[in-house]
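**Student:** Have a look at this prediction, sequence included:
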Amino acid sequence: ISPETLTQSVFQSQINASIEQLQVTTPNEFKIQLNLVQSMTTHSKLQSGVQTNSRLDYFLINNQQFGVKRASFRYISSSGNYCYCTVDFNCQQASKIYNIYGEATQFTVNSNSKNLMRINRFKLGCLPVNAILLSTLECFYNQTCLNQLIAFFPTNQKFLAMNFSEQSRFTINST
């Protein structure tokens with residue numbers, strides 16, 4: 001607000017400067033806020049809604065009482081190192097679909113588990129938002145990958161892979 005009337009060119013210049021300032025500062029501000037939420041979730045030992053950072057194990061104390069123990073997940077990086085969600089909320093690994101005695105689940109993968117599919121460029125991590133940000137849409141651009149992925153869901157609906165030659169706001173490497 002100014003007590004003086006601005007010319008259209010000065011007004012437009014000020015608006016453009018404000019927009020540019022917003023575009024420069026917003027991504028960094030978003031990262032700071034996201035990091036704060038992730039740190040608070042991890043350090044407060046909150047469990048993610050889809051249980052990708054920990055699980056609750058129930059055990060029998062005696063014939064009449066049960067106990068609960070929180071078990072933190074660990075992920076194996078592409079280099080083969082272990083990463084623990086209690087220490088680093090950025091832990092992640094390639095996302096896979098397993099069959100454990102007929103039930104698809106991510107929690108109890110053991111030597112008897114059969115890896116049914118590795119989802120190209122999809123990540124699994126302690127916090128879902130981290131996994132999404134590290135993943136790409138590559139599978140959605142590949143009809144074979146998309147068909148394999150859809151086969152795990154109870155649907156008869158046909159899905160067409162995205163066409164990267166068509167105009168879209170999403171690129172193959174988008175998250």
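**Tutor:** Alright, I've got the coordinates. Numbers count the residues shown, from 1 in each chain.
**Student:** Only C-alpha atoms from now on, for both contacts and neighbour counts.
**Tutor:** Noted.
**Student:** Checking Phe30 next. Helix, strand or coil?
**Tutor:** helix (DSSP: H, G, I helix; E, B strand; the rest coil).
**Student:** can you check Phe122 too?
**Tutor:** Criterion first, three-state DSSP; result for Phe122: strand.
**Student:** was I right about it contacting Gln92?
**Tutor:** No - assessed by C-alpha atoms under 8 Å, Phe122 is found out of contact with Gln92, at 10.0 Å.
**Student:** okay, those two: which has more neighbours?
**Tutor:** Gln92 (26 against 21; other C-alpha atoms under 10 Å).
**Student:** overlap in contacts of Phe122 and Gln92?
**Tutor:** Residues within reach of Phe122 and of Gln92 at once, by C-alpha atoms under 8 Å, 6 or more residues apart in numbering, are Ala131.
**Student:** how is the chain carved up into domains?
**Tutor:** Per the record, the chain has its domains at 1-44, 45-135, 136-175, by automatic domain parsing.
**Student:** which one of these is the most hemmed in?
**Tutor:** domain 45-135 (a mean of 15; mean count of other C-alpha atoms under 10 Å).
**Student:** quick one: average pLDDT of that one?
**Tutor:** Mean pLDDT, computed over domain 45-135, is 80.
**Student:** First-to-last residue distance for that domain?
**Tutor:** End-to-end span of domain 45-135 (C-alpha to C-alpha, to the nearest Å): 24 Å.
**Student:** from the chain's centre, how far out does that domain sit?
**Tutor:** Taking the mean of its C-alpha atoms, domain 45-135 sits 13 Å from the chain's own mean (C-alpha atoms, centre = their mean, to the nearest Å).
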